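**Student:** here is a sequence with its predicted model. Questions after.
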Number of protein chains: 2
Amino acid sequence: MPNVRGAGTEKSRIIIYLVMLKISKKADYALMALQYMATVQYGEMNGLSTFRVVNTKEIAEEHHIPLELLAKVLQTLAKHDMIESQNGPKGGYILAREPRDISIAQVLAAIEGPLGIADCYHEKDDHASCDQMEHCNIRTPLLKVQESIVHLLSSMSIEDMMEEPPLIIVESRKKEGVQL
Amino acid sequence: MPNVRGAGTEKSRIIIYLVMLKISKKADYALMALQYMATVQYGEMNGLSTFRVVNTKEIAEEHHIPLELLAKVLQTLAKHDMIESQNGPKGGYILAREPRDISIAQVLAAIEGPLGIADCYHEKDDHASCDQMEHCNIRTPLLKVQESIVHLLSSMSIEDMMEEPPLIIVESRKKEGVQL
DNA sequence: CCCAGTCAAGACTAAAATGGTCGGAGATTC
DNA sequence: GAATCTCCGACCATTTTAGTCTTGACTGGG
């Protein structure tokens, strides 16, 4: 982390309490749902697999999230072949693959769509659309950032979210803050 | 990166052309402006410093961005002591510190505000507001992600954006895409 | 002094993204 | 085969973002 010593001494030492990456509710819900499905379908109790189909309602109630919205999220996930739907009574969803084979990056991409770090990135051929191209020297380093983030998110899977979290860490971090 | 082999063979091998981190236009403009100011004020030509005050209009025209919006962005940066304003004719802005002492994280924080990765994060005491707290096992691993991203953005500065970019890389990356 | 050029600050509008809702269509079980 | 439970896809409302406009204050030069 860079040693920040600005002109102002006290004013420029900005401390912020958690910053930046904004994840949409939908993506958030998607990850919650997948994590829940994973623990149910790949966990075990007393040596017995706890596998069963889970439906939208169950997940929604368990996590206190709006049923219909979650439904839409799950639909999207199904369309992207991350989960498989099963219709009718006793129906619901099951994971389409093992938790370790579903990366967080994939989930976010499925929900949020292929968004570039800046708008002019995800258009394949439409270079002309970005009339700042010539002067935007920013792009390359930001690309580096994006690359790192994508790599990070790609290397983390639903499996990594299955362990019980030590909630205390969240709390202490909160108070601690992050120095930029 | 995880080896993704889904149930479907061809369909589930999603290739996306750059994903995820969404930066707002304003933040984008801020970085452009700072990068431009840095090259002007800390660059040199034939051994001579090219230092001079630059104004909003110049930056806006150079990068083809709306003048008024950029003005507002620069005001914000000034308010956060990243640049210093100079009023009157021949006025404009100068960087308040060296480019290496302005991290990308700081810039984003100044523009976007202290946004947490999920909404329930940036409220210090209002725990009750997130009624999903008990079940949101997602949090901890996402926090890890966020931490890494913040660290990454904190370790990169305006100075890192000053070199001329090999644009060809951007192009090839575009076609290549990123495998999740 | 007066004027042109600059930043500062706010209200305002338009468009897009997001969050959330509704009434079906299709399966499964009894 | 009908009731019921599920997914599905179009729809609306709210919020956020991008961008515009107006007014005012400050500075330096003619």
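**Tutor:** Here it is on my side, so go on.
**Student:** quick check on the residue in chain A that DNA strand C sits nearest to: phi, psi?
**Tutor:** Proximity of chain A to DNA strand C (CB to the nearest atom of the strand) peaks at residue A:88, 2.3 Å away. The way it works is simple: take the backbone N, C-alpha and C, and place the C-beta from them, glycine included. Residue A:88 adopts backbone torsions of phi 80, psi 180, taken as degrees, to the nearest 10.
**Student:** run a quick neighbour tally on it.
**Tutor:** 6 (other CB atoms under 10 Å in any protein chain shown).
**Student:** which pLDDT does the model give it?
**Tutor:** Reported pLDDT at residue A:88 in the predicted model: 87.
**Student:** now the one 5 residues further on
**Tutor:** What the model reports for residue A:93 is a pLDDT of 92.
**Student:** hmm, it is touching residue A:58, no?
**Tutor:** No. Residue A:93 is beyond contact range of residue A:58, at 9.9 Å (criterion: CB atoms under 8 Å).
**Student:** these two: which is more packed in?
**Tutor:** Shown here are residue A:93 and residue A:58; by other CB under 10 Å, residue A:93 has more neighbours (24 against 17).
**Student:** bridging residues for the more buried one?
**Tutor:** residue A:54, residue A:85 (DSSP bridges).
**Student:** for chain A, which spans come out with low pLDDT?
**Tutor:** Scanning chain A for pLDDT under 70 picks out the ranges A:1-22, A:113-145, A:163-180.
**Student:** what segments of it are strands?
**Tutor:** Remark: strands assigned in chain A by DSSP state E are A:15-16, A:44-45, A:48-49, A:83-86, A:92-95, A:178-179.
**Student:** most tightly packed of those?
**Tutor:** Most buried of the strands of chain A, by mean neighbour count (mean count of other CB atoms under 10 Å in any protein chain shown): strand A:92-95, with a mean of 20.
**Student:** flag every residue of chain A that's near DNA strand D.
**Tutor:** A:22, A:55-57, A:68, A:71-72, A:74-75, A:78-79, A:85-93 (CB under 7 Å from any atom of the strand).
**Student:** which among these end up buried?
**Tutor:** Neighbour counting with 16 or more other CB atoms under 10 Å in any protein chain shown marks A:55-56, A:74, A:85, A:92-93 as buried within these.
**Student:** around DNA strand C, which positions in chain A sit nearby?
**Tutor:** So far as CB under 7 Å from any atom of the strand goes, chain A lies against DNA strand C at A:24-26, A:66, A:68-69, A:71-72, A:86-91, A:112.
**Student:** the residues you listed: which two are farthest apart?
**Tutor:** Greatest spatial distance in those: A:89 and A:112, 32.8 Å, computed using CB to CB.
**Student:** give me every residue that touches residue A:33.
**Tutor:** A:59, A:63, A:70, A:73-74, A:77 (CB atoms under 8 Å, 6 or more residues apart in numbering or on different chains).
**Student:** show me those that map onto helices.
**Tutor:** A:59, A:63, A:70, A:73-74, A:77 (DSSP state H).
**Student:** farthest pair within these?
**Tutor:** A:63 and A:77 (15.0 Å).
**Student:** those two: which is more packed in?
**Tutor:** Between residue A:63 and residue A:77, residue A:77 has the larger neighbour count (other CB under 10 Å), namely 25 against 21.
**Student:** how about the contacts made by the closest residue in space to that one that isn't next to it in sequence?
**Tutor:** The shortest distance from residue A:77 to any non-neighbouring residue, by CB to CB, 6 or more residues apart in numbering or on different chains, is to residue A:83 (5.0 Å). Listed by CB under 8 Å, 6+ apart, the contact set of residue A:83 reads A:34, A:37, A:74, A:77, A:93-96.
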